[in-house]
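Engineer: how would this look folded up:
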Amino acid sequence: MKVFLSVGATYNTQQEDFVKAFENYLSQNGCERLTVGRGFHTSAQPIVEARNLMQKADGVVVIGFTRQIIERAIEQPGGLKQTSINNRKIPTIWNQLESAMAFGLGLPLLLIIEEGYTRKQCLKIDLNIGHY
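Structural biologist: Numbering: from 1, shown residues only. As a prediction, the model looks like this:
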């Protein structure tokens, strides 16, 4: 089984250790990992390469790590629903792009999200899509 693994560049030991352990888990269970920038390098634009690899995949796993922390901000400034944002974790936008591509292709999709994200930040997935 070919699994497209969406994971941004890791920037600390804990993240890298988790990704390596997950990659090993896939390998030990007969899965071929397809990941842009981790074993697959081409001169194509990353979004094109992600699409090309995903079209070969049987399923997609997205690992969402914190990329930024917004300590203080305002959402919808000046609007009727203006709200304060405090200490919100933000993943890489690639998690959303690649999740949307998987959804569009009708591929089974698993999200593994770092602890601390709010329900509002997580994608709503229709678990009835896919081939299995």
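Engineer: only C-alpha atoms for contact and neighbour calcs from this point on.
Structural biologist: OK.
Engineer: wait, isn't residue 108 in contact with residue 102?
Structural biologist: Yes: at 7.4 Å, residue 108 counts as touching residue 102 under the criterion of C-alpha atoms under 8 Å.
Engineer: shared neighbours of those two, anything?
Structural biologist: Overlap of the contact sets of residue 108 and residue 102 (by C-alpha atoms under 8 Å, 6 or more residues apart in numbering) consists of 59, 60.
Engineer: who's more crowded, these two?
Structural biologist: residue 102 (24 against 20; other C-alpha atoms under 10 Å).
Engineer: now the element after the host helix or strand of that one, going C-ward?
Structural biologist: Assessed by DSSP states H and E, residue 102 sits inside helix 93-105. Counting by DSSP H and E, the element after helix 93-105 in chain order, helix or strand, is strand 109-113.
Engineer: for that following strand, which positions count as buried?
Structural biologist: Within strand 109-113, the residues scored as buried using 16 or more other C-alpha atoms under 10 Å are 109, 110, 111.
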